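Peer 1: the following comprises the amino acid sequence and a computationally predicted model.
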Amino acid sequence: MVDANVMKKTFTVPEIKPLDQYDFNRAKVCASVRWLLAKSYGSAENVPADLREPVLIGQELQAGVSVLLLSPDLYWRAHSQLHLRGVSQGPGQGPGGVSKGPGQGPGGVSQGVVQGGDHVALLQLLASRGHAPRDQDRPVTVEDLQHTPIKTRAHLALIDALMSLAAMETVGRVKMAAEAEQIGGGSPWENALLFWVNRLNQRLRESTEDDDDKTQTCTDLQPAQPAIRYRKDKVQSKLTPTFPLVSGVKDLSNGCAIAAVLHYYCPSRLPLEDVCLKDTMSVADSLYNLQLIRTFCCGTLQGCCPLAVEDLLYAPPTLHMPLGC
């Protein structure tokens, strides 16, 4: 476990915009479109360089991105990458019922082109799975998605529906996700996600405590030794790492729980000793963890995080869906 103040010489804590200068709506547009593009192209690394900054000044989408959004192909390609369970695939069809021609891959993708499937079919598919997109309590229509100039809110609602489908698919693979309803207070995918994060953090907590018990002697005169070995070039703490209990998506904003989950699955790539886990986290501590998470995602998960560090730190409700994905 490290202290962000000590790590500054080797790990630069990024500068962020103050909360009063942070544009929540712009952040939502950027994160949502980045997620869609990354899914459509297979990974963030495959997204063309001229599309990686989808938003211009304010909330205006750049022209190339707007053209792509007006076509259903981008959405169908993203949908095909979700690898949904229980989606029927008849002869010559890929995920979502998209027709496949000769030489085409999953989802009807052939050299970056999706055959078949239009806005009507996409909306019907999402509705059949309980994720019909809505814009301010009004169903998103085909006319909304094809309208020029582009109706950004309608497209954000469609992206949210795909994100929700992806989130439910991810947490649905967790065996104990059925118990997640005990948390309450959020959408089903959010409750399942938080339950999953808490369960993994609990396992790490128990493992650390067990290691602590093994290192203690029978006398109270000798102090307990730390359960985790730390690198010599980092601050050594005599305290056991704190694994937080999260009750809402906002509780993920200090990076502790997320980094712990990443360590659980990839212990050699993200050692626990590299994570800042303290009872009281400063802003610098949180930024250190969040930058650590983004660096891990870029280096190990093909740049799968569509959020900036300040997005993760502020974690406004509008970004809970991209954060969950």
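Peer 2: Now that the structure is in, tell me what you want to look at.

Peer 1: contacts only, for Ile258.
Peer 2: Neighbouring residues of Ile258 by Cβ atoms under 8 Å, 6 or more residues apart in numbering: Val197, Leu252, Asn289, Ile293. To be clear about C-beta, it is placed using only N, CA and C from the backbone, and glycine gets the same treatment.

Peer 1: any idea how many residues pack against the last one?
Peer 2: By the other Cβ atoms under 10 Å criterion, the neighbourhood of Ile293 contains 23 residues.

Peer 1: that one sits in which helix or strand?
Peer 2: Ile293 is part of helix 283-300 when elements are defined by DSSP states H and E.

Peer 1: how close does Met168 get to Asn191?
Peer 2: Summarising the geometry, the distance separating Met168 from Asn191, computed by Cβ to Cβ, to the nearest Å, is 11 Å.

Peer 1: Leu312 too?
Peer 2: Here Leu312 is placed at a distance of 20 Å from Asn191 (Cβ to Cβ).

Peer 1: what of Gln146?
Peer 2: Applying Cβ to Cβ, one obtains 35 Å for the distance of Gln146 from Asn191.

Peer 1: so these two - more neighbours on which side?
Peer 2: Remark: of Gln146 and Asn191, Asn191 carries more neighbours, 19 against 15, as counted by other Cβ under 10 Å.

Peer 1: would you agree the more buried one falls within a strand?
Peer 2: No: secondary structure of Asn191, determined by DSSP: H, G, I helix; E, B strand; the rest coil: helix, with no strand assignment.

Peer 1: if we ignore the residues flanking it in sequence, what's nearest the residue positioned nearest the centre of the chain?
Peer 2: Residue closest to the mean C-alpha point of the chain, counted by Cα atoms, centre = their mean, is Cys325 at 3.5 Å. Leaving out its chain neighbours, the residue that sits closest to Cys325 by Cβ to Cβ, 6 or more residues apart in numbering is Met163, at 4.9 Å.

Peer 1: gap between the one you found and Gly299?
Peer 2: Using Cβ to Cβ, we find Met163 at a distance of 24 Å from Gly299.

Peer 1: more crowded one of these two?
Peer 2: When neighbours are counted by other Cβ under 10 Å, Met163 comes out ahead of the other of Met163 and Gly299, with 26 against 11.
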